[in-house]
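> please work out how this folds:
(chains A and B)
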Amino acid sequence: MHSFGFRANAVLTFGITILALICAMASISDNFNSPRPSSEIQIKYPIDSGEIKFSFSMQVSLTMNITADLQSLFTWNTKQVFVFVAAEYETPKNALNQVSLWDAIIPAKEHAKFWVQTANKYRFVDQGSNLRGKDFNLTLHWHVMPKTGKMFANKLVIPGYRLPEEYR
Amino acid sequence: RVETPLSEPRYLYYLLIFLCSQILGQFLCLVLQVPQLNSTREETRQRPFFFAISFYLRAQRQREKRMGWVRKTVDSVKSLQVKQVLLRAIGLAMVFTSGLILWKALMCMTGTKSPVVVVVSGSMEPGFKRGDALFLYKNKDPIRAGDIVVFNVKGQDVPIVHRVIEVHEQQSNGEIKLLTKGDANDMDDRFLYARGQLWLKPQHIMGRAVGLLPYVGWVTIVMTEKPVLQYILVGAVGLLFLTSKD
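Below you'll find the model as predicted:
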């Protein structure tokens, strides 16, 4: 009853149970945080400075001005927030298309309020059909990745963008 | 290959069998523990009455008593050993079966064949580090961009945990095509898919990652990469089982 083996077993079991309990409590504490993020995305539609370009493979490159304030998403249990911007549009063949254009990792609360001007990181190209004159929505998605426990994800839909009819 | 839904009656039968085995195990333990009461009553009956009648009688009686006592203790030790080993074996079997029930129940609740996976590569850093355990969940909700999914490439048995960056859903039949990419990778996952495969389909997805527990997966990684440790662990558990007093 008092051998080393029993004591080690008891200590380990108790330790692991308490650790699991603490992780669960940390995750539950995230539910008390009510985030209120905000964001604005502007796409530069130039007249002739060629910032929206269609290359020969019907690929779109555009420049975005992204402003966002995601500070309210961070809790003490947050490891990082993964934020990405996706374009959502409809084609005759596909009811829904979502293409990720840009993403970033926000490691801490101080970096969560940002303004970034960037070209799209990933190719904006549709399978087959062309994107001329296409209406699309830009969605800012955020994915809160905790140190332990449940992950939260949500998005903000900003509608009303349109690709030009002709390419330069 | 079509995945069978996990709400089949087959899983309820497993649950029923396991519950019956638990009840049977408890019953057997009770039955095995009862005879000990009989042996103690016998011992008390053999308490000696006459000490000082005659030296011969006393010696004879003492000899008989000693032999009887030796035989009795040998018998009780032998019977005790069998009973104890049986009890402990049944106890162990009950622990195993209840662990199995828990795992099957978890599989049914989360809708996936493996409710917990361990991250082995660093392609999702710094969000998921090597050695983190992920909890998966799968339901009928369609997979959308941004979901972190776990999938198996045909021919490989190590599942991959990456994020969906492109979704195309067809108008006509609702068929969905997915493209994934690891957060820390520069390229998307097309080079990981099977030859000629450009897109992932929802049936390749084992589940969506919904929760995270850091560092606990290291046990699995170390045991998979050095199989020697598996044998050492099993041997240690077996030794503990045989030598423990209760």
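
> near residue 87, how many other residues are there?
If you meant another chain, say so; for now it's chain A. 24 (other CB atoms under 10 Å in any protein chain shown). In short, each C-beta sits where N, CA and C put it, glycine included.

> my bad, the chain I had in mind was chain B
For B:L87, the neighbour count with other CB under 10 Å is 15.

> assumed it was part of a helix.
Yes. Remark: B:L87 belongs to a helix, assigned using DSSP: H, G, I helix; E, B strand; the rest coil.

> which residues sit in contact with it?
B:C29, B:L32, B:Q33 (CB atoms under 8 Å, 6 or more residues apart in numbering or on different chains).

> do I have it right that the second one meets B:K83?
Right, B:L32. Yes. With contacts counted by CB atoms under 8 Å, B:L32 reaches B:K83, the gap being 5.5 Å.

> helices and strands of chain A: which one has the lowest mean pLDDT?
When each helix and strand of chain A is scored by mean pLDDT, DSSP states H and E, strand A:53-54 comes last, with a mean of 54.

> just for the chain, where's the confidence low?
By default, I'm working from chain A. Chain A contains residues with pLDDT under 70 at A:1-2, A:45-59, A:127-130, A:166-168.

> meant chain B, my bad for not saying
Short version for chain B, where the test is pLDDT under 70: B:1-11, B:34-61, B:64, B:67, B:69-70, B:72-80, B:239-246.

> who are the contact partners of the most centrally placed residue in it?
By CA atoms, centre = their mean, chain B has its centre lying nearest to B:G99, at 4.6 Å. Not one residue lies near B:G99 by CB under 8 Å, 6+ apart.

> in which helix or strand does it reside?
helix B:55-110 (DSSP states H and E).

> list the contacts of the residue nearest to B:S123 when sequence neighbours are not counted.
Distances taken as CB to CB, 6 or more residues apart in numbering or on different chains place B:G182 nearest to B:S123, at 3.2 Å, with adjacent residues excluded. By CB under 8 Å, 6+ apart, the contact set of B:G182 is B:S121, B:S123, B:M124, B:H162, B:R163, B:D189.

> which of these sit farthest apart?
B:S121 and B:R163 (13.7 Å; CB to CB).

> closest one of the contacts of B:L87 to A:S100?
Checking the contacts of B:L87 one by one against A:S100 (CB to CB), the nearest turns out to be B:C29, at 58.1 Å.

> residues in contact with that closest one?
Contacts of B:C29 by CB under 8 Å, 6+ apart are B:L87, B:I90, B:G91.

> ok, the first one to chain A distance?
Read it as B:L87. Using CB to the nearest CB, to the nearest Å, B:L87 is found at 17 Å from chain A.

> which parts of chain B sit against chain A?
Within chain B, the positions near chain A by CB under 8 Å from any CB of the partner chain are B:126-128, B:144-148, B:163, B:165-171, B:174, B:183, B:188, B:209-214, B:240, B:244-246.

> what residues are up against the closest residue in space to A:A108 that isn't next to it in sequence?
With CB to CB, 6+ apart as the criterion, A:A108 has its nearest non-adjacent residue at 7.5 Å, and that residue is A:F74. The contact partners of A:F74, taken as CB under 8 Å, 6+ apart, are A:V81, A:A108, A:K109, A:A112, A:V144.

> which of those residues has the largest number of neighbours?
Within the contacts of A:F74, most neighbours by other CB under 10 Å means A:V81, with 26 neighbours.

> list the pairing partners of the strand or helix carrying it within its sheet, with orientation.
Following DSSP H and E, the helix or strand that holds A:V81 is strand A:78-89. For strand A:78-89, the paired strands and their directions (DSSP bridges) read strand A:94-106 (antiparallel), strand A:135-146 (antiparallel).

> mind checking the end-to-end distance for stretch A:142-157?
12 Å (CA to CA, to the nearest Å).

> residues in chain A within reach of chain B, list them.
Within chain A, the positions adjacent to chain B are A:1, A:5-6, A:23, A:27, A:79-80, A:82, A:84, A:86, A:92-100, A:103, A:105, A:107, A:122, A:127, A:141, A:143, A:145-151, A:153, A:155 by CB under 8 Å from any CB.

> on that earlier part again, I'd like the contacts of B:G182 laid out as a markdown table, including distance to A:I66.
Output for the contacts of B:G182, formatted as a markdown table (distance: CB to CB, whole Å):
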| residue | distance to A:I66 |
| --- | --- |
| B:S121 | 30 |
| B:S123 | 25 |
| B:M124 | 23 |
| B:H162 | 23 |
| B:R163 | 19 |
| B:D189 | 25 |
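
> buried subset of those residues as a PyMOL selection?
For the buried members of the contacts of B:G182, the matching PyMOL selection, counting by 16 or more other CB atoms under 10 Å in any protein chain shown, is:
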select buried, chain B and resi 123+124+162+163+189
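
> ok, the contacts of B:G182 vs chain A, which is closest?
For those, the minimum distance to chain A (CB to the nearest CB) is 7.7 Å, reached by B:R163.

> now do the contacts for A:N120.
A:N120 makes contact with A:V60, A:S61, A:L62, A:M64, A:L101, A:W102, according to CB under 8 Å, 6+ apart.

> mind putting those residues into TSV with neighbour count?
Shown next, in TSV, are the contacts of A:N120 (neighbours: other CB atoms under 10 Å in any protein chain shown):
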residue	neighbour count
A:V60	24
A:S61	16
A:L62	19
A:M64	18
A:L101	24
A:W102	19
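
> out of those residues, which comes closest to chain B?
Looking across these and measuring by CB to the nearest CB, the closest to chain B is A:L101, at 9.4 Å.

> is B:D186 in a helix, a strand, or coil?
Secondary structure state of B:D186, per three-state DSSP, is coil.

> all strands of the chain, in order?
Picked chain A for this. Under the criterion DSSP state E, chain A contains strands at A:38-43, A:53-54, A:60-61, A:63-69, A:78-89, A:94-106, A:113-119, A:135-146, A:149-150, A:152-162.

> chain B is the one I meant
Applying DSSP E to chain B gives strands spanning B:116-118, B:133-137, B:148-151, B:160-170, B:176-181, B:205-213.

> residue contacts, B:N139?
Residues in contact with B:N139 (CB under 8 Å, 6+ apart) are B:G111.

> what's the spacing between it and chain A?
Going from B:N139 to chain A by CB to the nearest CB gives 15 Å.

> same question, B:G196
Distance, B:G196 to chain A, using CB to the nearest CB: 15 Å.
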